[in-house]
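A.B. asks: Need the 3D shape of this:
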Amino acid sequence: MELTIKRLVLNIRLFFEGALLSYMGLFHWLRPVTYLASKVMAPLMQMLFFVFIGTYASGGQGASFYVIGNALIFTASSGIFGVTMSIGGERWTGTLPYLFGTPSNRMALFLGRAFMHILDGMLGVWIGLGWGILLFHLDFSRSNPLALAVIILITTFSTAGLGLLMGCLSLITRNVMFVNNTVYFLLLIFSGANLDLATLPHWMQTISNILPLTRGVTATRFVISGGNPADISVMMLEEILIGVILVFMGYVLFRWFEIEAKKRGTLEVF
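C.D. replies: As a prediction, this is how the structure comes out:
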């Protein structure tokens with residue numbers, strides 16, 4: 001029992017230390033001003049772009065639709081790009097052999113890479129919603145703050161799961177940034193962030209239903225408009241399930257890569 005507790009404590013410490021150090025390592029080359037600009041100003045520019053185009057196309061109505069959608073899409077920025085580079089960056093920086101050479105718990109190492117980016121993604125959503133309140137008078141008077149926070153957490157987790165999967169793909173390809181950008185822009189379309197899902201062709205709606213973020217965008221709009229959080233409980237359980245499946249797929253690929261790379265001696269070779 002004592003040995004089990006010690007291992008549990010060690011794995012928890014590994015999880016949090018790995019999460020913090022990998023996050024710091026990813027952004028260590030940025031100056032504080034540059035980092036803040038990427039977290040505050042870049043989301044604002046994207047939101048302004050899509051809000052103005054969307055409201056113009058819809059005749060000046062429904063700015064909140066685009067504000068909420070683009071606030072939620074910020075989870076994909078952290079979930080896809082941040083988490084992917086937290087894993088794939090180990091190879092580019094030459095630390096992958098050291099990572100796989102340790103006897104540390106692989107699950108703790110793997111999941112820890114996403115933790116800080118989940119928090120970062122949630123912060124990005126709140127910053128986006130804050131811009132919506134400040135610039136577009138987004139109305140929160142009928143929303144349930146606790147339900148909204150839970151939705152944002154679940155949505156960020158599911159997109160981070162996609163990032164973990166993409167990060168493992170980055171270990172076996174040179175073109176991961178091309179793939180990441182493609183996936184990110186497809187989410188802009190298929191998630192319903194900037195297009196009403198009901199107006200999409202049936203085949204696009206089918207794809208939307210199996211992607212992370214789609215349910216989070218819909219649920220956030222529903223709660224902010226004053227909807228009952230109980231009515232979206234099933235939707236959020238589905239979002240959690242999608243995230244868990246993506247994490248599982250990513251971990252399987254992560255372990256497969258480690259085993260095969262060690263067999264072939266290709267940890268540092270694409």
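
A.B. asks: rest of the way, CA atoms for contacts and neighbours
C.D. replies: Fine.

A.B. asks: contacting residues for the residue nearest the centre of the chain?
C.D. replies: With distances taken as C-alpha atoms, centre = their mean, the residue of the chain nearest its centroid is Gly79 (2.2 Å). The contact partners of Gly79, by C-alpha atoms under 8 Å, 6 or more residues apart in numbering, come to 114, 117-118, 121, 156-157, 159-163.

A.B. asks: Give me the pLDDT for Ile245.
C.D. replies: Listed pLDDT for Ile245 reads 93.

A.B. asks: in stretch 206-219, what counts as buried?
C.D. replies: Neighbour-count burial for stretch 206-219, counted by 16 or more other C-alpha atoms under 10 Å, picks out 208-209, 211-219.

A.B. asks: and that stretch, how far apart are its ends?
C.D. replies: Length of stretch 206-219, first residue to last, C-alpha to C-alpha, to the nearest Å: 18 Å.

A.B. asks: which outside residues touch that stretch?
C.D. replies: 68-69, 72-73, 76, 151-152, 154-156, 158-159, 162, 187, 190-193, 232, 235-236, 239, 242-243.

A.B. asks: Quick one: mean pLDDT over that stretch.
C.D. replies: On average, stretch 206-219 scores 90.

A.B. asks: Stretch 226-234 too?
C.D. replies: 89.

A.B. asks: buried ones in it?
C.D. replies: So for stretch 226-234, counting by 16+ other C-alpha under 10 Å, buried means 227, 229, 232.

A.B. asks: Now, these that are in helices?
C.D. replies: Judged by DSSP state H, these include no members of helices.

A.B. asks: For Leu129, which non-adjacent residue is spatially closest?
C.D. replies: Ala71 (5.8 Å; C-alpha to C-alpha, 6 or more residues apart in numbering).

A.B. asks: Against Ala198, how distant is that neighbour?
C.D. replies: Ala71 is 20 Å from Ala198, by C-alpha to C-alpha.

A.B. asks: same question, Phe81
C.D. replies: 29 Å.

A.B. asks: what about those two, which has more around it?
C.D. replies: A count of neighbours by other C-alpha atoms under 10 Å puts Phe81 above the other of Phe81 and Ala198, at 22 against 10.

A.B. asks: my guess is Thr75 contacts Thr155, does it?
C.D. replies: Yes. Counting by C-alpha atoms under 8 Å, Thr75 does reach Thr155; the two are 7.4 Å apart.

A.B. asks: Those two - which one has more neighbours?
C.D. replies: More crowded of Thr75 and Thr155, by other C-alpha under 10 Å: Thr155, with 33 against 29.

A.B. asks: How about the contacts made by that one?
C.D. replies: 75, 212-213, 215-216, 239-240 are the contacts of Thr155 under C-alpha under 8 Å, 6+ apart.
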